[in-house]
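Novice: Just need the structure, nothing else, for what follows:
(2 chains)
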Amino acid sequence: MNIAKVEAHKKANQDDGLIPLINIVFLMLIFFMVAGHIEATDLIKVQPPASTSEQAQHDEALTIIVSTDNQLSVAGELVDISVLTTVINDRYAISEAADKFALLIKADANLPVEQLQTVLLAIKQTGLKKVALVTQLQVGDA
Amino acid sequence: MVPDMLLNQVAKKRQAISLTPLIDVVFILLLFFMLSSSFVKPRQITVSAPSEADSHTQEVIEVLLLTEQGDFDMDGQRFNVYQHEHFTHVIKQQAEVVYAVKVKPGLTTQTMVSLLDGLKQAGAMNVTLSGMSR
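Specialist: Numbers count the residues shown, from 1 in each chain, chains lettered A, B, ... in the order given. Model prediction:
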């Protein structure tokens, strides 16, 4: 009788205490999988300015990153401001759809406007018209 | 005799699967998603209006941004970006005009973007950075 009772009672698995942990970790995993966007990190880290603009970003644009310490990168490669016009023209020449070619400037929010103007001047020399500035969505009152 | 009894006990006991490798894999996946996901919603604002044939004949109002706190001059009057009411009705009366934004040197891009935002929200339809339009 005693033996039967002992056998009927299942031994608690040693790992049973970990089940709540696994629950929470799975929940966090699902949250990050669903809510986060996986993005490639840029060559230079910048914090774009906040704006209430709702215009979604075009993915096919050529991205120019301008950081506060005077670093410039075009499509993942560091370039110097003096060759920026040439680089953009080259990229435009080899692009497949010339009328869809757009430029995207990712400037840091604290970048002095003169430096941005220098970049814009270089872009103006290429003659390209579709230029946009990357912003973060700002929620709430401006 | 004794080894037989032990064998029976081992055979009766269910082979429990250890949960430790599962936790390892799940933690690694979680770490990957935590590090690679970004919650910033990227948006964009166009800084150059496409030049049309009659763009030169349109009236242009110059907007000059003066301070980090958002003070700007427009049409001879001083306004502040964060006080919408003051310039909203001025802009609403001239919504079709091209607003050419100029910025005093030394100010940040964020302030300029806030000004562009403010002008657009007040109803200005053509806002460009001066130096960009032909």
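Novice: And the helices in chain A?
Specialist: In chain order, chain A shows helices spanning A:2-8, A:19-35, A:84-94, A:113-126, with DSSP state H as the criterion.
Novice: I'd like those written out as CSV, with mean pLDDT, distance to chain B and mean neighbour count added.
Specialist: Backbone N, C-alpha and C define where each C-beta goes, glycine included. Putting the helices of chain A into CSV (pLDDT from 0 to 100; distance: least, Cβ to the nearest Cβ, whole Å; neighbours: other Cβ atoms under 10 Å in any protein chain shown) gives the following:
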stretch, mean pLDDT, distance to chain B, mean neighbour count
helix A:2-8, 60, 8, 8
helix A:19-35, 92, 4, 13
helix A:84-94, 85, 14, 15
helix A:113-126, 85, 4, 18
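Novice: Now the residue of chain A found nearest chain B. Nearest residue, chain neighbours left out?
Specialist: For chain A, the nearest residue to chain B under the criterion Cβ to the nearest Cβ is residue A:36, separated by 2.4 Å. Nearest residue to residue A:36, sequence neighbours excluded (Cβ to Cβ, 6 or more residues apart in numbering or on different chains): residue B:37, at 2.4 Å.
Novice: Wait, that neighbour touches residue A:31, no?
Specialist: No. With contact defined as Cβ atoms under 8 Å, residue B:37 does not reach residue A:31; the gap is 9.7 Å.
Novice: The closest residue to residue A:103 other than its chain neighbours: neighbour count?
Specialist: Using Cβ to Cβ, 6+ apart and skipping residues adjacent in sequence, the residue nearest residue A:103 is residue A:131, 4.7 Å away. Residue A:131 has 22 neighbours, counted by other Cβ atoms under 10 Å in any protein chain shown.
Novice: again with residue A:132
Specialist: Here the count is done by other Cβ under 10 Å, and residue A:132 has 21 residues near it.
Novice: Residue B:43 now?
Specialist: The burial count assigned to residue B:43 is 21, neighbours taken as other Cβ under 10 Å.
Novice: ok, residues contacting the host helix or strand of it?
Specialist: Element membership of residue B:43 [criterion: DSSP states H and E] is strand B:42-46. Applying Cβ atoms under 8 Å, 6 or more residues apart in numbering or on different chains, the external contacts of strand B:42-46 come out as A:48, A:51, A:53-58, A:104, A:130-137, B:113, B:116-117.
Novice: distance of residue B:26 from chain A?
Specialist: Noted for residue B:26: a distance of 5 Å to chain A, by Cβ to the nearest Cβ, to the nearest Å.
Novice: per-residue confidence for that residue?
Specialist: The predicted local distance difference test score for residue B:26 is 94.
Novice: Give me the nearest residue to it, chain neighbours excluded.
Specialist: Of all residues not flanking residue B:26 in the chain, residue A:25 sits nearest, at 5.1 Å (Cβ to Cβ, 6+ apart).
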